[in-house]
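Enquirer: how would this look folded up:
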Amino acid sequence: MTRIYFDNAATTTLDPAVLEAMMPYLTNKFGNPSSIYSYGRETRMSLENARKTVAKILNATPAEIFFTSGGTESNNTAILTSIRDLGCKHIISSEIEHHAVTHTVEHYCKQGMVTASYVSFLDDGHVDLNHLEELLSNSNQKTLVSLMHANNEIGNILDIKKVGELCKKYNAIFHSDTVQTVGHFPFDLKDIYVHFITGAAHKFHGPKGVGLLYINNEIKVNPFVFGGGQERNMRAGTENIYGIVGFAKALELATENYEQDSAYIKELKQYMCDELSKTTAGISFNGDVHGNCLYTVVSVSFPKTEKSEMLLFNLDINHICASGGSACSSGANAGSHVINAISKDKNRVTVRFSFSKNNTKSEIDLVIQKIKEIL
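Expert: Modelled structure (predicted):
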C-alpha cells in the first residue's frame with residue numbers, strides 16, 4: 001500500500017524546485033562565504049540575495065533578517081535577548097505555545113530572571129484578548145508578550161495585528177512564533193507592531209535545519225552565538241548556504257502559488273471534515289476549525305474506546321501518517337499540553353491531520369475508509 005502522509009504541520013516534503021536551487025551549493029559552489037576569493041564571494045552573494053528575497057516577501061529590510069538552525073533556535077533567541085538586552089522582567093504567554101516557547105519561559109522563570117503570566121482562552125480555544133489587555137495593564141515591569149500566530153496542533157490563528165496594537169499601547173516587546181504561518185500566509189511586517197517573528201523552511205516545502213529570525217530594526221540586541229562575525233556579528237558560525245538558498249526559494253514558491261495552493265488545501269480540509277462528520281459517530285473538532293484557523297490543519301477528537309486509543313498506531317500499520325499533536329513531543333506519554341489546556345474532557349482521543357498541496361481527495365477517502373474499519 002502507498003504511504004499516505006497527513007502530517008504536514010510536522011514537516012513537508014522538499015519541493016523539487018527547491019532541491020534544484022540548493023544542488024549547486026552542495027556540489028561545485030562550495031566556498032566559505034567568509035573567504036575573500038571568488039569561491040567565497042559567489043556564496044556570499046547567494047547568501048545576501050536570499051536575505052533580500054526573504055526581506056522583500058515579508059516587507060522587512062535585509063538588515064532585519066537573520067538565518068538560524070530553525071524555529072526552536074529563533075524562538076529561544078527572541079526570548080533570551082528580550083530578557084538579557086531589552087530589560088524584560090515579566091513575560092505574558094499562553095499554555096498552548098510550542099514547547100520551544102513554554103520550556104524556555106519556564107527555564108528563565110526558574111532561574112529567577114523573569115516572572116510569567118498566562119492568558120486565558122475563550123471556549124473555541126482562541127486567546128482572550130481582553131484578559132491579555134488586563135495582564136498588560138496590571139504589569140508594572142518591562143513586559144515581553146510571546147504568543148504564537150497559529151497553533152501547531154489545533155490551528156487557531158491569533159489576531160497578530162490587534163495583539164501588536166495592545167503591546168504598543170502598553171510599551172511591551174512582542175514576539176510571535178510564526179513557524180506555522182510564514183510560507184502559508186502573506187506578511188507585511190511594516191504594518192504590524194512586532195519585534196520578533198520566527199520561521200522554519202521545512203514547514204513550507206523547504207529544507208530542514210534552517211530557520212528565520214526577524215528582529216525589528218527599532219530594537220538593538222547583542223550577539224546570541226559568539227565566535228565569528230557571521231550574520232552581521234549576531235550569530236557566529238559558517239552559514240548553512242544550501243539551506244538558506246533553499247529557504248528563500250521555498251518562500252518564493254509558496255508566495256507565488258499562495259492563492260492556488262491555499263484554496264486547494266482548504267478544500268481538502270473541508271472535505272475531510274465533512275466526510276468524518278458523515279461517517280464517524282461522536283467526533284468533534286478542536287479549536288475554531290471552520291473560523292479563524294489554519295487551512296492546513298484539522299484536529300479531530302474521537303470518543304475514547306479501546307479501539308480509538310490505538311487509532312494512531314493502527315493508522316501507522318496501514319501506512320497512514322498522522323499525529324496526536326506536536327511532532328516535537330512525540331516521545332512523551334502525557335498527551336498534548338494544548339488539548340489538556342483547552343479541554344477538560346479526558347474521555348477523548350485526539351488526532352491531527354495536516355495537509356499540503358501534494359495531498360488528494362482520493363487519499364482522504366482511503367483514510368476515512370480505514371478509520372471506519374479500525375473503529
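Enquirer: The chain: strands as residue ranges?
Expert: Along the chain, the segments classed as strands by DSSP state E run 4-5, 65-68, 90-93, 115-118, 143-146, 173-176, 196-200, 211-215, 284-285, 297-303, 320-321, 348-354.
Enquirer: Buried deepest among those strands, which one?
Expert: Counting by mean count of other C-beta atoms under 10 Å, strand 196-200 has the highest mean neighbour count of the strands of the chain, with a mean of 29. Just so you know, the C-beta spots here come from the backbone N, C-alpha and C atoms, and that holds for glycine as well.
Enquirer: before we move on, the earlier item: just put the strands of the chain in a markdown table and tack on mean pLDDT and distance to residue 188.
Expert: Listed next are the strands of the chain as a markdown table, based on pLDDT from 0 to 100; distance: least, C-beta to C-beta, whole Å:
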| stretch | mean pLDDT | distance to residue 188 |
| --- | --- | --- |
| strand 4-5 | 98 | 32 |
| strand 65-68 | 98 | 15 |
| strand 90-93 | 98 | 24 |
| strand 115-118 | 98 | 29 |
| strand 143-146 | 98 | 20 |
| strand 173-176 | 98 | 14 |
| strand 196-200 | 98 | 12 |
| strand 211-215 | 98 | 12 |
| strand 284-285 | 94 | 30 |
| strand 297-303 | 95 | 23 |
| strand 320-321 | 97 | 34 |
| strand 348-354 | 94 | 25 |
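Enquirer: low-confidence ranges in the chain?
Expert: Scanning the chain for pLDDT under 70 picks out 1, 325-335.
Enquirer: Please produce JSON lines containing the strands of the chain, extended by distance to residue 20.
Expert: Listed next are those as JSON lines, based on distance: least, C-beta to C-beta, whole Å:
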{"stretch": "strand 4-5", "distance to residue 20": "22"}
{"stretch": "strand 65-68", "distance to residue 20": "20"}
{"stretch": "strand 90-93", "distance to residue 20": "40"}
{"stretch": "strand 115-118", "distance to residue 20": "45"}
{"stretch": "strand 143-146", "distance to residue 20": "37"}
{"stretch": "strand 173-176", "distance to residue 20": "32"}
{"stretch": "strand 196-200", "distance to residue 20": "21"}
{"stretch": "strand 211-215", "distance to residue 20": "21"}
{"stretch": "strand 284-285", "distance to residue 20": "38"}
{"stretch": "strand 297-303", "distance to residue 20": "29"}
{"stretch": "strand 320-321", "distance to residue 20": "26"}
{"stretch": "strand 348-354", "distance to residue 20": "26"}
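Enquirer: List of residues touching stretch 361-375?
Expert: Outside stretch 361-375, the residues that touch it by C-beta atoms under 8 Å, 6 or more residues apart in numbering are 4, 6, 268, 271-272, 275-276, 279-280, 302, 305, 307-308, 310-311, 314-315, 318, 320, 353.
Enquirer: mind checking which of the strands of the chain is nearest residue 232?
Expert: Between residue 232 and the strands of the chain, the tightest spacing by C-beta to C-beta is seen for strand 65-68, at 7.9 Å.
Enquirer: Can you tell me which of the strands of the chain is nearest to residue 42?
Expert: strand 65-68 (17.7 Å).
Enquirer: In PDB, please show the C-alpha coordinates belonging to that closest one.
Expert: Only the C-alpha atoms of strand 65-68 are listed here, as PDB (Å, rounded to 0.1, in the frame of the first residue of the first chain):
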ATOM      1  CA  ILE A  65      16.500  39.100   8.600                       C
ATOM      2  CA  PHE A  66      18.700  36.500  10.400                       C
ATOM      3  CA  PHE A  67      19.100  32.900   9.400                       C
ATOM      4  CA  THR A  68      19.200  30.300  12.200                       C
END
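Enquirer: Check which helices and strands that strand is in contact with.
Expert: Packing partners of strand 65-68 (3 or more C-beta pairs under 8 Å, 6 or more residues apart in numbering; DSSP states H and E): helix 38-58, strand 211-215, helix 230-233, helix 241-256.
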